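> got a predicted structure plus its sequence, pasted below:
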Amino acid sequence: MTDERIGDRLLPSIAALPCGSGIVFRHYSLAPAERHRLFEQVRKTAKRRRHWLILAGTPLQARAWKADGAHGGHYGSTTAPVHTLQERRAAERAGAQLLFISPLFKT
């Protein structure tokens, strides 16, 4: 999972992952154009390392940005965050193939 806290370590961290790793690109606070530019940089690095790159967004946006899938609670998302049993059921009904279960306690 990526976000703004990673800062300048983002691309080196992605390059250091074992080949074939999975990445969920979040960076929600960036302006849309800036977010897309950073996503493109991540996508190039991920492609070289044969990583799966999932965009936190709608499936339509993920296809437009050439992501390997979409992360979120949207119908057709590849992955979904789950914090409660109700969210799990909703994600399964929406067709999510992989669920990220949030910790029950602070980490």
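Now that the structure is in, tell me what you want to look at.

> which residue lies nearest the spatial centre of this structure?
residue 24 (2.1 Å; C-alpha atoms, centre = their mean).

> element containing that one?
strand 22-25 (DSSP states H and E).

> now what about the following helix or strand past that strand, what contacts it?
Next along the chain after strand 22-25, taking DSSP H and E as the criterion, comes helix 32-48. Outside of helix 32-48, the residues within contact range by C-beta atoms under 8 Å, 6 or more residues apart in numbering are 2, 10-11, 14-15, 23, 25, 27, 30, 51-53, 55, 65-67. Yep, even glycine has a C-beta here, placed from its N, CA and C like the rest.

> please apply the same query to stretch 76-91.
Against stretch 76-91 from outside (C-beta under 8 Å, 6+ apart): 24, 54, 58-59, 62, 68-73, 94-102.

> restricted to strands, list these.
Residues of those located in strands (DSSP state E): 24, 54, 69-71, 98-101.

> same list (the residues you listed) but as a markdown table, adding distance to residue 82.
Shown next, in a markdown table, are the ones in strands among the contacts of stretch 76-91 (distance: C-beta to C-beta, whole Å):
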| residue | distance to residue 82 |
| --- | --- |
| 24 | 13 |
| 54 | 15 |
| 69 | 16 |
| 70 | 15 |
| 71 | 12 |
| 98 | 10 |
| 99 | 5 |
| 100 | 7 |
| 101 | 5 |
